[in-house]
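1. quick one: sequence and predicted model below, then my questions.
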Amino acid sequence: METQTATTAWAIDPMHSEIQFKVKHLMVSTVTGHFSQFDGKLDMTGDDFEDAAISFSADIASISTGNEQRDTHLKSAEFFDADQYPRLTFSSTGMKATGDDTYALNGDLTMHGVTRPVTLKAEYGGQMQDFYGQTKAGFELSGILKRKEFGLTWDGVTEAGGVVVSDDVRLVMNVQVTKQ
């Protein structure tokens with residue numbers, strides 16, 4: 001007789017999560033931005049996050065760097081083209097333990113109409129029950145991607161020949177999920 005293993009569903013808690021990116025500007029300083037509208041879920045069997053199926057999406061129109069002119073440029077056809085490609089999505093293809101409470105999270109990232117495999121470092125922060133009896137779990141995720149590989153190819157060069165925007169984009173995500 002086959003034993004059925006229960007699936008545990010978790011949903012991202014947007015009030016206690018942040019999705020940030022960091023890009024070098026003029027190769028001398030870093031600009032930080034974030035997405036304010038996003039959602040995601042995690043489904044797993046038992047208590048092992050290693051077999052989790054993770055999906056995530058962010059609304060490109062919710063991008064914010066703290067500068068309205070730059071945000072408008074990022075949403076334009078020269079960068080994300082939010083009108084044609086309104087969402088960024090991620091779907092996991094595997095999660096492997098790399099140490100105590102650390103994982104390599106592999107998946108397919110789609111933005112600007114281009115899907116590419118990415119690997120993110122995931123650090124598990126643990127679980128805790130909140131004041132309402134809900135079980136929460138936390139993760140810090142990080143990684144680097146090349147924006148040009150996703151069709152974000154706008155380049156500016158200064159009169160002195162300096163690059164305006166780096167190709168490397170650092171992702172820094174602090175995510176809290178709630179057991180459903």
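-> That came through, no problem.
2. what bridges to His34?
-> Here His34 sits in beta bridges with Gln20, Ser64, as judged by DSSP bridges.
3. helices of this protein, residue ranges please.
-> Using DSSP state H, the helices assigned to the chain run over residues 68-75.
4. pLDDT weak spots in it?
-> 1-4, 156-164 (pLDDT under 70).
5. what ranges do the strands span in it?
-> 7-12, 18-25, 29-35, 38-45, 53-59, 63-64, 87-99, 102-111, 114-129, 135-146, 165-179 (DSSP state E).
6. closest to Asp155 out of those strands?
-> Shortest distance between Asp155 and the strands of the chain, using Cβ to Cβ, is found for strand 165-179: 7.1 Å. Where you see a C-beta, it was placed from the backbone N, CA and C, and this is true even at glycine.
7. in that closest one, what's buried?
-> Val165, Ser166, Asp167, Val169, Arg170, Leu171, Met173, Asn174, Val175, Gln176, Val177, Thr178 (16 or more other Cβ atoms under 10 Å).
8. try stretch 63-71
-> Ile63, Thr65, Arg70, Asp71.
9. and which of those residues is nearest Phe38?
-> Ile63 (10.7 Å).
10. state the distance from the closest one to Leu88.
-> From Ile63 over to Leu88 the distance is 9 Å, taken as Cβ to Cβ, to the nearest Å.
11. what do these two both touch?
-> Common neighbours of Ile63 and Leu88, counting by Cβ atoms under 8 Å, 6 or more residues apart in numbering, are Phe35, Phe80.
12. in CSV: the strands of the chain, plus distance to Asp81.
-> Below are the strands of the chain laid out as CSV (distance: least, Cβ to Cβ, whole Å):
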stretch, distance to Asp81
strand 7-12, 25
strand 18-25, 17
strand 29-35, 15
strand 38-45, 18
strand 53-59, 14
strand 63-64, 12
strand 87-99, 12
strand 102-111, 10
strand 114-129, 11
strand 135-146, 17
strand 165-179, 16
